[in-house]
Each structure stands twice: as C-alpha cells, then as structure tokens.
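> Quick one: sequence and predicted model below, then my questions.
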Amino acid sequence: MSRLQIEFRRLFLATDSACADGAVPTLDLVDADGRVRALVIELARPAEWQPLADVWMGVQTELGLPAPAIAVNGTDGMQLWFSVAAPLDAARAQSFLNGLRHRYLAAVKPERLGLMTGADSALAACATALSGSAGASHEANGRWPAFVAPDLAPIFAETPWLDLPPGDEGQARVLAGLESIKPALFEAALAQLQAWADAPTVNAAAAAAAAGSVTSEHDVQADGHPEAQRFLLSVMNDEAAPLALRIEAAKALLPFGRSGGRTI
C-alpha cells in the first residue's frame, strides 16, 4: 500500500483487513454489520467554501471535535470528511450529519447538500479516487478530486478540482495530521447537536422578514423599528439558533450601530 492508502485506511475504512503483498487493498467503507467510519458533507451545484468553513470551524470551537478533512470532488463540489474512531451504524452517522446541517447549514438549499456515509453508493467513486486507488479514472476530463489543506480551500470554491493528478505523498501529508473522533467525544457532540435541534428557535422566515425590514439605509432611524431591533438582537444572541441566521441578524443590526442606536 502507498502512504496515502495507509492514511486513508487509518481514518475512513470500516475494516482493517490485511492484503497480500502486491495485492490491491480493498476499499471497505462498510463493515460486515453495516457500520461506517467515514461521514461526509458535500456542498455542490455550485461549490462554495464559506458555508463549509463555518462547519469546519464550528465543530472545533463549539463541539471540541478534531478537524475534518477537506476535499474537492473533481466536478462540482467541496466536501468535509469526518472520521470516527469506532464504526457507527448508518442511522447514528446520519443523525450526526443532520445535526451539523441544522446547526451550521440551515440557510443552504437542501438540493445543494449531500450528507453521505460510507454506506452510500454515491460516495464510493469519490472515495476510490481520493484514496489513491483510482488509476486514471479522471484522465478523460482532466479534473481530479483531492484532499486540500485548510489554507488552500478558498481558492477551490469556483473550481473544485485539480488540473493534474495529486501526488500520493502530498495527499498523505494532508491526512497525516488528522485525527478520528473518539467514541465519548462523538456521543457528547451528538447529544449537543440534538439539543440544539430540539431547542425552540426563531422562525427563519420571520427572521429574514425582520432583517429585510431594517436593512434599508433610507428606513433606518436611531430610534426606529425598536421591535425589529429587539427581535434581531434575540436571534443574534440565541445560541440554539442556526449559526447562519445569527450572522444574518448581526449584519442586519449593523446600521443601528452606525446610526447611534443599539450597538453590537
């Protein structure tokens, strides 16, 4: 096995079966009991980095999880690859991904999101290429999927591919510094995500309407729209609200700070 295949196996494969010398290692994303270790969020059609950056940062700062791997899918999307140390049944893995979507990606249209585990056939082809087992599978279109370093991720937002095959050693180095989520940490994070999802939150449509009512420079007064200001402030301070809505509420409140009203 190459160093890339070793790192990919360490993080994402559900089984650790040895292979004979010279044999091509099997890509076992699912074990005999249907459990998985690879959990993937994809944002595509079009690709975009900033929403995924919010997830990448949020899971570390709010949930205390190790950073996921960042990948471009070679066609139209960017991905976050989460590794769990102990295989999970597909339902629990999907619950985790749904919790991340609710917390950090509520403002993204569902049709642009892929919440995939190793049990999803849609993930198999991309996993094969990213693991260094694909040979020339992307040679025809000249666009290659790859893992990318966090500081380089923004430059792939509009072109989520490499124009040349990524080197195995470079790909291995990207993965080498990553860690799997340990069971206790995963359970704590899943419980927190479920608590956020179950907590009463502001209505997204109402928040958007309130934001729209106060963002016009012509309408904003220092003492105007007090109810809208209070509502937006409550959204911004609501830790159970999706992060995207809290950010939009903060943006909508900026004119009040400039005009002498409540500042944030």
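Done, it's in.
> and Leu97, how many residues sit next to it?
Applying the criterion other CB atoms under 10 Å, we find 21 residues in the vicinity of Leu97. Where you see a C-beta, it was placed from the backbone N, CA and C, and this is true even at glycine.
> contacting residues for it?
Residues near Leu97 by CB atoms under 8 Å, 6 or more residues apart in numbering: 39-41, 115-117.
> The same query, at a cut-off of 10 Å, please.
39-41, 80, 82, 105, 113-117, 193 (CB atoms under 10 Å, 6 or more residues apart in numbering).
> need the residues you listed in TSV with distance to Asn141, can you?
As requested, the contacts of Leu97 are exported to TSV (distance: CB to CB, whole Å):
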residue	distance to Asn141
Leu39	27
Val40	22
Ile41	24
Leu80	24
Phe82	28
Leu105	28
Leu113	24
Gly114	20
Leu115	26
Met116	22
Thr117	27
Leu193	37
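> where along this protein do the strands fall?
Remark: strands assigned in the chain by DSSP state E are 35-44, 69-72, 77-89, 113-117, 146-148.
> Point out the one among those that comes closest to Ala241.
Across the strands of the chain, Ala241 has its closest neighbour in strand 113-117 (19.0 Å, CB to CB).
> which strands and helices sit next to that closest one?
Packing partners of strand 113-117 (3 or more CB pairs under 10 Å, 6 or more residues apart in numbering; DSSP states H and E): strand 35-44, strand 77-89, helix 90-104, helix 121-130.
> could the strands of the chain be laid out in TSV, adding mean pLDDT and distance to Leu233?
Shown next, in TSV, are the strands of the chain (pLDDT from 0 to 100; distance: least, CB to CB, whole Å):
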stretch	mean pLDDT	distance to Leu233
strand 35-44	98	29
strand 69-72	98	34
strand 77-89	98	31
strand 113-117	97	29
strand 146-148	97	38
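> Looking at those strands, which is nearest to Ser180?
strand 77-89 (4.0 Å).
> Tell me which residues touch Leu162, please.
72, 74, 138, 142-146, 148, 156.
> State the distance from it to Gln5.
Leu162 is 18 Å from Gln5, where distance means CB to CB, to the nearest Å.
> re the thing from before, most neighbours, which of the contacts of Leu162?
Neighbour counts for the contacts of Leu162 peak at Val72, which has 28 neighbours (criterion: other CB under 10 Å).
> okay, now the residue lying closest to it once chain neighbours are set aside: neighbour count?
The shortest distance from Val72 to any non-neighbouring residue, by CB to CB, 6 or more residues apart in numbering, is to Pro160 (3.9 Å). For Pro160, the neighbour count with other CB under 10 Å is 27.
> Then Met57?
The tally of other residues near Met57 (other CB under 10 Å) stands at 14.
> chain center to stretch 235-245: distance?
Mean-position distance between stretch 235-245 and its chain equals 18 Å (CA atoms, centre = their mean, to the nearest Å).
> list the buried ones in that stretch?
In terms of neighbour count (16 or more other CB atoms under 10 Å), stretch 235-245 has its buried residues at 235-236, 238, 241-245.
> thinking again about what came up before, tell me which of the strands of the chain approaches Val59 most closely.
Nearest of the strands of the chain (CB to CB): strand 77-89, 8.0 Å.
> Can you point out the buried residues in that closest one?
77-84, 87-88.
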